[in-house]
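Novice: sequence first, then the predicted structure:
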Amino acid sequence: MCLTYINNYMKKITEIYKEYRIMPMLAIHQMRVAGVAMQICGSLDIEVDTQSVVKACLLHDMGNIIKFKLDKFPEWNEPEGTEYWEKVKYDFILKYGNHEHHASIKIVEEIGVSTRIKDLVNCVDSSSVEIIKMDNDFCKKICIYADNRVNPHNIVSIEERNLEAKKRYENHPNSFGDEEREFFAKNIREIEKQIFSHCKIKPEDINDESIKNYLEKLQDFSI
């Protein structure tokens, strides 16, 4: 299932997804997050390491199948089917453990990315949101914010993303309580203000149409 990357050998992200058996809906989610990040990075009046941001966004959820309840949205499992993805999930847990975020970190280490990219992947986690809000690292702000502009189907506002996630993870053992969710949402709203205070676009300028060209470019993006 997994690869060892040697001597900085570069592979297209689409090849990496295929070799790690990333679900199509999870692959497009990561690419949409990277597309949002690319649009933001190209609109800033401050310098950021766009390449590292994009690579981190393309890899930030590599282990997420571990937390999926595959019988809840069976349409997402096509064309391979639920049984196939249950086997993939089992293989991931066997190799990387039961925690999806920790699994993602192990996978990016396995791929052989830089410490900086690994650090950015690690920051795309709800437990980091307050620290990122207070930090001056705009690469981290963009990574966690971009993830919170994308639901399983399209680009949405952070408010819509929060409501959708609440519904999707209802009764999940690791889901937020109401107070935790509001705390997270409050910090993401503040991060949004911080980012767009340095942007020539507005949050509402980022949508499915605006990232189309970025998604096309990302098909050939190498890591």
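Specialist: Looks like it arrived, so ask away. Quick caveat: nothing in here was measured; it's all calculated off a predicted structure. Numbers count the residues shown, from 1 in each chain.

Novice: could you find the closest non-adjacent residue to the residue most central in space within the chain?
Specialist: Nearest to the centroid of the C-alpha atoms of the chain, with distances taken as Cα atoms, centre = their mean, sits residue 60, at 4.3 Å. Spatial nearest neighbour of residue 60, excluding adjacent residues (Cβ to Cβ, 6 or more residues apart in numbering): residue 124 at 4.2 Å. C-beta here means a position set from N, CA and C on the backbone, and glycine is covered the same way.

Novice: got phi/psi on that neighbour?
Specialist: Main-chain torsions, residue 124, degrees, to the nearest 10: phi -80, psi 70.

Novice: pLDDT score for it?
Specialist: Residue 124 carries a pLDDT value of 96.

Novice: hmm, back to that, ok, now which ones touch the residue nearest to the centre of the chain?
Specialist: Contacts of residue 60 were listed using Cβ atoms under 8 Å, 6 or more residues apart in numbering, and they are 30, 33, 104, 120-121, 124, 143, 147.

Novice: next SSE downstream of the worst-scoring helix or strand of the chain on mean pLDDT?
Specialist: Within the chain, judged by mean pLDDT, DSSP states H and E, the helix or strand with the poorest mean is helix 158-168; its value is a mean of 82. Helices and strands here follow DSSP states H and E; after helix 158-168, the next one along the chain is helix 178-196.

Novice: which residues touch that next one?
Specialist: Contacts of helix 178-196 (Cβ under 8 Å, 6+ apart): 40, 44, 126, 129-130, 132-133, 138, 141-142, 144-145, 148, 158-159, 162, 166, 176, 202-203.

Novice: packing partners of the very next helix or strand once past it?
Specialist: Proceeding N to C from helix 178-196, the next assigned helix or strand is helix 212-218, under DSSP H and E. Applying 3 or more Cβ pairs under 8 Å, 6 or more residues apart in numbering; DSSP states H and E, we find helix 212-218 packed against helix 24-41.

Novice: any idea of the mean pLDDT in the helix it packs on?
Specialist: Confidence for helix 24-41, expressed as mean pLDDT, is 97.

Novice: residues contacting residue 160?
Specialist: residue 151.

Novice: and if we set it to 6 Å?
Specialist: Residue 160 makes contact with no residue under the criterion Cβ atoms under 6 Å, 6 or more residues apart in numbering.

Novice: from residue 222, how far out is it?
Specialist: Distance of residue 160 to residue 222, computed by Cβ to Cβ, to the nearest Å: 32 Å.

Novice: quick one on the thing from earlier: can I get the contacts of residue 60 in TSV with neighbour count and distance to residue 96?
Specialist: TSV is the format used below for these (neighbours: other Cβ atoms under 10 Å; distance: Cβ to Cβ, whole Å):
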residue	neighbour count	distance to residue 96
30	23	17
33	27	21
104	23	8
120	28	19
121	25	14
124	24	17
143	27	21
147	25	20
